[in-house]
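A.B. asks: Give me coordinates for this.
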Amino acid sequence: MDQLQTIQSKIYEIRGQRVMLDRDLAEMYQVTTGNLNKAVQRNIKRFPLDFMFQLTKEEFEELKANLIFQNGRSNWGGTRKFPYAFTEQGLAMLSGILNSDIAIQVNINIMRAFVAMRQLISNPPTDKSSLLQREVKELKEYIEEMFADQNDINEDTRTQLELINRTLAELQVQKKLSSTPRRPIGFIRPEEND
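C.D. replies: Residues are numbered from 1 along each chain as shown. Reported below is the predicted structural model:
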């Protein structure tokens, strides 16, 4: 696994944000977690709550459960403190307080990993299966729309045919009434004149 994929595998979604944990960062920077957190505490003004936060017990337990589910095991032994999570902005701020050559290179790679993830989310790769599913869905919607239009036309046509039949029936009744000869008014019958 190349370095970008390794970093991406250590990016978690917690509280609706993509974050990296202090333990993973310390490992990449090749320092202890304690030393990393001490450097952060010395510069705490640089890390507001939207840059860095500490996981709750529930978040930590859920994270451990997800790691066990994904990897089959979790190597989070008996930690006394819950880990700190750094957002992308917090990681950028962290690069300002860690100045070793390793830290600089790791931060560059972390920023590249976040950019690659954003690009992947905004432009997901299209495979033939998902493309075919989308086309089938569009075709299904089109056919349903056509049937709905056809049903509307049939209903309108049915109504018009009923009106035509009713009008024809009325005209036939009127014709029957008008086709029978009328009796002339008066005393002389037409047959008698002939």
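A.B. asks: Let me see the domain layout of the protein.
C.D. replies: Segmentation of the chain into domains, based on automatic domain parsing, reads 3-122, 126-179.
A.B. asks: The ones you listed: which one's closest to I185?
C.D. replies: When the domains of the chain are compared by C-beta to C-beta, domain 126-179 sits nearest I185, at 17.4 Å. All C-beta spots, glycine's among them, are computed from the backbone N, C-alpha and C.
A.B. asks: Export the domains of the chain to JSON lines and append columns for mean neighbour count.
C.D. replies: As requested, the domains of the chain are exported to JSON lines (neighbours: other C-beta atoms under 10 Å):
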{"stretch": "domain 3-122", "mean neighbour count": "15"}
{"stretch": "domain 126-179", "mean neighbour count": "10"}
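A.B. asks: Redo those as a markdown table? Include distance to F187.
C.D. replies: Listed next are these as a markdown table, based on distance: least, C-beta to C-beta, whole Å:
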| stretch | distance to F187 |
| --- | --- |
| domain 3-122 | 102 |
| domain 126-179 | 25 |
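A.B. asks: Any chance of those in TSV with distance to I185 and mean pLDDT as columns?
C.D. replies: Compiled in TSV, these are given as follows (distance: least, C-beta to C-beta, whole Å; pLDDT from 0 to 100):
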stretch	distance to I185	mean pLDDT
domain 3-122	93	84
domain 126-179	17	81
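A.B. asks: Which parts of this structure are helices?
C.D. replies: 3-9, 22-29, 33-42, 57-71, 88-97, 101-122, 128-179, 190-193 (DSSP state H).
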